[in-house]
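*Asks:* this one's sequence-less:
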């Protein structure tokens, strides 16, 4: 199964979720790997996924397209006289996925952020036919943001997608009501609340907190990766 970890924006917790999820599934015995095929502005996200999977693949296979400027990858590539093509990214992901039962692909930026010359995250997800996992910060305004992404998913993928709300260090009272409100639109069980993780937990030091494990188990059960 290929899962596409996307979100409402950049810097909202996609890598935190994806890396924790890779660790969680690996601990459960799954043959899992995380990929960040395209990134710009630093390679920290790719390194986190690489380490979470126990360096199962070389870093350059986890992240073959990397650009230093902190701009959209398509812009960074143009500055270097290069072009990122959808067909090449899809082919790489399929090759890298060989031998793994679960592959988490983390997109670059938000759902409709441009990635290459001819595609954005939505185009990549559809080309892979991957299940969308929409990550969003659990704060005021998230209901609108997630609903906008759901509209952009399209009817078919909106029926299979799952939303994950990432709690801040000090969740406000609306953190619970956001889940309830969104489930009213998306359906019961389609919204998972994920706890804030310390920098040590994000770095993979020690076991994941129980609350995070429970959230990941619920997410896996929703997608058929784990038994209820």
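*Replies:* Noted; the coordinates are in hand. Being a predicted model, the structure only gives us computed values, none of them experimental.
*Asks:* helices along this protein, start to end?
*Replies:* Secondary structure of the chain (DSSP state H): helices located at 14-27, 44-52, 59-62, 73-79, 86-97, 121-128, 142-153, 155-158, 174-186, 199-202, 210-222.
*Asks:* residues making contact with the third one?
*Replies:* Residues lying outside helix 59-62 but in contact with it, judged by C-beta atoms under 8 Å, 6 or more residues apart in numbering, are 33-36, 43, 46-47, 49-50, 53, 92, 96. For glycine as for every other residue, the C-beta is placed from the backbone atoms N, C-alpha and C.
*Asks:* pLDDT on it, on average?
*Replies:* Across helix 59-62, the average pLDDT comes to 97.
*Asks:* for that helix, what is the distance to the chain centroid?
*Replies:* A distance of 17 Å separates the centroid of the chain from that of helix 59-62, by C-alpha atoms, centre = their mean, to the nearest Å.
*Asks:* one step back: neighbour-wise, which of the contacts of helix 59-62 leads?
*Replies:* Most neighbours among the contacts of helix 59-62, by other C-beta atoms under 10 Å: residue 34, with 31 neighbours.
*Asks:* what bridges to residue 133?
*Replies:* For residue 133, the beta-bridge partners under DSSP bridges are residue 5, residue 162.
*Asks:* how many neighbours does it have?
*Replies:* Neighbour count of residue 133, defined by other C-beta under 10 Å: 27.
*Asks:* for it, give its distance to residue 177.
*Replies:* Separation of residue 133 from residue 177 (C-beta to C-beta, to the nearest Å): 22 Å.
*Asks:* how near is residue 179 to residue 188?
*Replies:* Distance, residue 179 to residue 188, using C-beta to C-beta: 10 Å.
*Asks:* more neighbours, those two?
*Replies:* Higher neighbour count among residue 179 and residue 188: residue 179, with 19 against 8, using other C-beta under 10 Å.
*Asks:* report the contact partners of the more buried one.
*Replies:* 138, 165, 191, 193.
*Asks:* mind checking pLDDT for it?
*Replies:* For residue 179, pLDDT reads 94.
*Asks:* try residue 171
*Replies:* On pLDDT, residue 171 comes in at 84.
*Asks:* report the buried residues of the worst-scoring helix or strand of the chain on mean pLDDT.
*Replies:* The weakest-scoring helix or strand in the chain, judged by mean pLDDT, DSSP states H and E, is helix 199-202 (a mean of 86). For helix 199-202, the neighbour count (16 or more other C-beta atoms under 10 Å) marks 201-202 as buried.
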